[in-house]
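K.L.:
Below are the sequence and a predicted model; questions follow.
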Amino acid sequence: MRSDVELKVAGFNLGDFKRMAIEDETTGMVYEGYATKRPPASLSRMVMSPTPMMKAAVFKSQVATRLFRGWFGPLPYGRLSVTRQPSFGPGQSWPTLIHLPVSAFLDSTQRHSLIGNSEFMFSRFVQEVTPHEVAHQRWGHLVGWATYHDQWISEGFSDFSTGLFLQATGPRGKYIQFLRRSQEVILEKNPFGFRTNDVGPLWMGHRLITAKTASAYRKLIYPKGGFVLHMLRQLMFDAQKANDEPFIRMMHNFVNTHHNKDASTESFKASIEKHMKPWMDLAGTGKMDWFFGQWVYGTELPSYEFEYSLNAMEGGQAHLKGRISQEGVSDGFRMAVPVYMRLKDRLIRIGAGNMIGTDSPLDINMQLPWMPESVEINSLYDVLAEKVTIKRQ
Ligand SMILES: [Zn+2]
């Protein structure tokens with residue numbers, strides 16, 4: 001058998017390997033896992049086998065594939081194999097094959113024995129690397145990117161998909177933590193004093209890298225690319241009835257029209273414009289130029305202030321009076337800022353304020369059917385904002 005010969009040349013024989021396979025009727029996919037029982041040379045001081053988490057990695061890949069199928073449509077490949085590479089760090093994805101870092105095939109005790117207390121930080125990476133690489137089956141492989149300008153569609157969309165995985169698989173709060181951490185990375189300054197977001201527009205891709213901004217590509221294209229898609233999801237949200245349906249329909253259409261083709265920033269914009277809802281037309285042009293100009297071709301970041309009061313009314317209702325102000329942006333900058341009420345630990349979206357420039361604060365005067373614990377804006381990091389201040393009077 002040819003693979004026998006190859007494996008022996010590599011210093012292994014078949015008995016050194018562990019393999020598993022799952023057939024999944026829901027997705028029509030076969031999921032396979034492969035791992036060596038011996039640790040790689042780089043981890044030779046480890047006495048335990050790097051296989052205990054292979055099953056978990058394969059199941060995780062199955063869950064992610066099922067989830068992303070609902071959001072973006074089916075994959076055409078029919079199978080997905082998961083194996084590990086010797087490196088402790090990043091993963092890699094090819095059509096039908098994912099190389100996870102060896103760290104993803106270890107359990108937390110094994111990782112702790114190797115890297116000590118850094119394990120805590122590293123476990124977050126391990127949780128996210130599998131869904132990220134599964135997402136690349138679609139973003140990067142099924143739908144490619146036209147030029148370096150459009151690579152945020154591959155990395156950013158995979159980052160967004162990882163957020164969906166965390167939201168669906170929990171535990172509660174994981175998704176919000178993920179968004180908060182993405183925002184922190186976008187807003188943090190490097191040792192030379194450059195804030196990631198200000199280095200340049202997302203669209204500049206690899207050209208953001210200079211001697212003084214070496215990590216700008218990694219720190220912008222992934223989290224801000226993901227944030228752009230997250231903001232579109234929140235913008236398309238139909239709070240009246242369909243919830244995420246308009247966004248999901250748009251994304252299915254985007255994948256279908258780019259099946260085995262390369263997507264560009266403009267072809268993605270065209271897909272959104274085909275599915276635009278009236279409440280997304282903030283510039284009144286029927287186009288999404290306003291959104292892409294700000295978030296993909298630009299670097300502006302707004303701040304928001306929300307002041308409000310709540311007064312009890314008869315029958316358990318409440319009267320909400322408030323004002324939202326937008327700051328730190330140019331005159332034409334526009335954004336829809338969702339308003340939420342928190343009721344018995346549930347977050348309920350009650351509307352969105354359309355903000356333009358800095359001179360047009362928005363007054364809110366409305367009755368609520370119940371008295372909430374609080375009213376908030378931007379609770380789900382709906383808008384990538386530099387600062388959000390909420391004051392209750
Ligand atoms: Zn990636």
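P.N.:
Great, that's in hand. Residues are numbered from 1 along each chain as shown.

K.L.:
Give me every residue in this protein that's in contact range of the ion.
P.N.:
Residues of the chain lying close to the ion (CB under 5 Å from the ion) are E155, S158. To be clear about C-beta, it is placed using only N, CA and C from the backbone, and glycine gets the same treatment.

K.L.:
Strands along the chain, start to end?
P.N.:
17-24, 29-36, 79-85, 92-94, 97-101, 143-145, 261-263, 303-312, 318-327, 334-343, 346-356, 362-368, 374-377, 387-392 (DSSP state E).

K.L.:
closest one to L220 among these?
P.N.:
strand 143-145 (15.4 Å; CB to CB).

K.L.:
Now tell me what touches that closest one from outside.
P.N.:
Q151, I153, S154, F254, V255, H258, H259, N260, K261, D262, A263, S264 (CB atoms under 8 Å, 6 or more residues apart in numbering).

K.L.:
Filter these down to just the ones in helices.
P.N.:
Under the assignment DSSP state H, those contribute I153, S154, F254, V255 to helices.

K.L.:
what's the closest residue in space to the second one that isn't next to it in sequence in contact with, if anything?
P.N.:
The shortest distance from S154 to any residue other than its chain neighbours is 3.9 Å, reached at G140 (CB to CB, 6 or more residues apart in numbering). Contacts were defined as CB under 8 Å, 6+ apart; by that measure G140 touches S93, S154, E155, S158.

K.L.:
do M280 as well
P.N.:
With CB under 8 Å, 6+ apart, M280 has these contacts: L235, M236, M288, F291, A336.

K.L.:
Point out where this protein drops to low pLDDT.
P.N.:
Residues of the chain meeting the criterion pLDDT under 70: 1-15, 39-52, 88, 106-123.

K.L.:
E32: neighbouring residues, count only.
P.N.:
When neighbours are counted by other CB atoms under 10 Å, E32 registers 17.

K.L.:
That one contacts S81, doesn't it?
P.N.:
Yes - judged on CB atoms under 8 Å, E32 makes contact with S81 at a distance of 4.3 Å.

K.L.:
Need the buried ones from the contacts of strand 143-145 selected in PyMOL.
P.N.:
Of the contacts of strand 143-145, the buried ones go into a single PyMOL selection, burial set by 16 or more other CB atoms under 10 Å:
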select buried, resi 151+153+154+254+255+258+263+264
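
K.L.:
Tell me which two of the contacts of strand 143-145 sit farthest apart.
P.N.:
Taking CB to CB as the measure, these have their most distant pair in Q151 and H259, spaced 19.1 Å apart.

K.L.:
Relative to E245, how far out is the residue nearest to the spatial centre of the chain?
P.N.:
Among the residues of the chain, the one closest to the centroid is F160, at 1.8 Å (CA atoms, centre = their mean). Distance check for F160 against E245: by CB to CB, to the nearest Å, it reads 17 Å.

K.L.:
Repeat that for K269.
P.N.:
K269 is 20 Å from E245, where distance means CB to CB.

K.L.:
who has more neighbours, these two?
P.N.:
Using other CB under 10 Å, the more surrounded residue of K269 and E245 is K269, with 15 against 12.

K.L.:
who touches that one in this structure?
P.N.:
K269 makes contact with M288, D289, F292, according to CB under 8 Å, 6+ apart.

K.L.:
what's the closest non-adjacent residue to the second one?
P.N.:
Nearest-residue entry for D289: A283, 6.9 Å, with adjacent residues in sequence omitted and distances by CB to CB, 6+ apart.

K.L.:
what residues does stretch 382-391 touch?
P.N.:
Residues contacting stretch 382-391 (CB under 8 Å, 6+ apart): 183, 186-187, 224, 227, 230-231, 234-235, 295, 301-308, 328, 335-338, 376-378.
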